[in-house]
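[1] Provided below for reference: sequence and predicted model.
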Amino acid sequence: DGGITQSPKYLFRKEGQNVTLSCEQNLNHDAMYWYRQDPGQGLRLIYYSQIVNDFQKGDIAEGYSVSREKKESFPLTVTSAQKNPTAFYLCASSIDGTRATQETQYFGPGTRLLVL
Amino acid sequence: GNSVTQMEGPVTLSEEAFLTINCTYTATGYPSLFWYVQYPGEGLQLLLKATKADDKGSNKGFEATYRKETTSFHLEKGSVQVSDSAVYFCALTTSNTGKLIFGQGTTLQVKP
């Protein structure tokens, strides 16, 4: 079955540590996205990529970094510069990043990041 | 700027009751509108969408009509089940970036 996988399901970060969240899709989608969800709030866009080897900052990119070396993979690194990283992180993809207004985004199961 | 406003929750209903979750939006241009559902501990699933004015999206007994004159996209279901208990998010896109702008979510609790 095609879909989006995120790992790990839970991740613990120590002070000053960088951590990387994995996102893989086998849907052959061009566009991929990272969102952050805080309790009782909607999702906010961190980074997005419409094509391999290209990505753009979203609304809350500070303290995060991404790469898009392969079509199926879009890992997110939470750096030590992100002072409030505790949240639920969701990865999504859509078939065509250039017609994205009408395209459905499909979401992975999420990774919950907690600070020790 | 673009934004989405949903009714505050939680919404608590008895099984087989009628459901309405209000959603209004502010957007430039011609947005596409979406309803997503999130079950506890999971990611989001698309419930339905509408891409132009007067379109009605429907799925699993849920419906929403894109009303440009009232800038609304209210979610309705005629008879809810316990299994419908979840958080419902209204969202829109307006640009070719595919950026989804979400409302804050509405928690629905259905009691047997």
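    Noted; the coordinates are in hand. Bear in mind the structure is a predicted one, so any value in this text is a computation, not a measurement.
[2] how about the secondary structure of the closest residue to chain A within chain B?
    Here chain B gets closest to chain A at one residue, B:G98, 2.6 Å apart by C-beta to the nearest C-beta. Backbone N, C-alpha and C define where each C-beta goes, glycine included. At B:G98, secondary structure determined by DSSP: H, G, I helix; E, B strand; the rest coil is coil.
[3] wait, it sits on A:Y48?
    Yes - contact criterion C-beta atoms under 8 Å: B:G98 and A:Y48 qualify, at 6.8 Å.
[4] how much space between the residue of chain B closest to chain A and B:S58?
    For B:G98, the distance to B:S58 equals 23 Å [C-beta to C-beta, to the nearest Å].
[5] kindly report the same for A:S22.
    For A:S22, the distance to B:S58 - C-beta to C-beta - is 35 Å.
[6] can you get me a residue count around B:Q38?
    A total of 21 residues lie near B:Q38 under the criterion other C-beta atoms under 10 Å in any protein chain shown.
[7] need the pLDDT of it.
    B:Q38 carries a pLDDT value of 93.
[8] contacting residues around it?
    The contact partners of B:Q38, by C-beta atoms under 8 Å, 6 or more residues apart in numbering or on different chains, come to B:L44, B:Q45, B:A86, B:V87, B:Y88, B:F89, B:G105.
[9] low-confidence stretches in chain A?
    Chain A contains residues with pLDDT under 70 at A:1, A:97-102.
[10] chain B contacts on that one?
    A:4, A:6, A:31, A:33, A:35, A:40-45, A:48, A:50, A:56, A:58, A:90, A:92, A:94, A:97-110 (C-beta under 8 Å from any C-beta of the partner chain).
[11] which among these end up buried?
    Buried members of the residues of chain A next to chain B, scored by 16 or more other C-beta atoms under 10 Å in any protein chain shown, are A:4, A:6, A:31, A:33, A:35, A:42-45, A:48, A:50, A:58, A:90, A:92, A:94, A:97, A:100-101, A:103, A:105-110.
[12] so what's residue 35 up against?
    Defaulting to chain A. Going by C-beta under 8 Å, 6+ apart, A:Y35 touches A:L43, A:R44, A:L45, A:I46, A:Y89, A:L90, A:C91, A:A92, B:L100.
[13] my question was about chain B, not that one.
    Taking C-beta under 8 Å, 6+ apart as the criterion, B:W35 is in contact with B:23, B:46-49, B:57, B:62, B:64, B:73, B:75, B:88-91.
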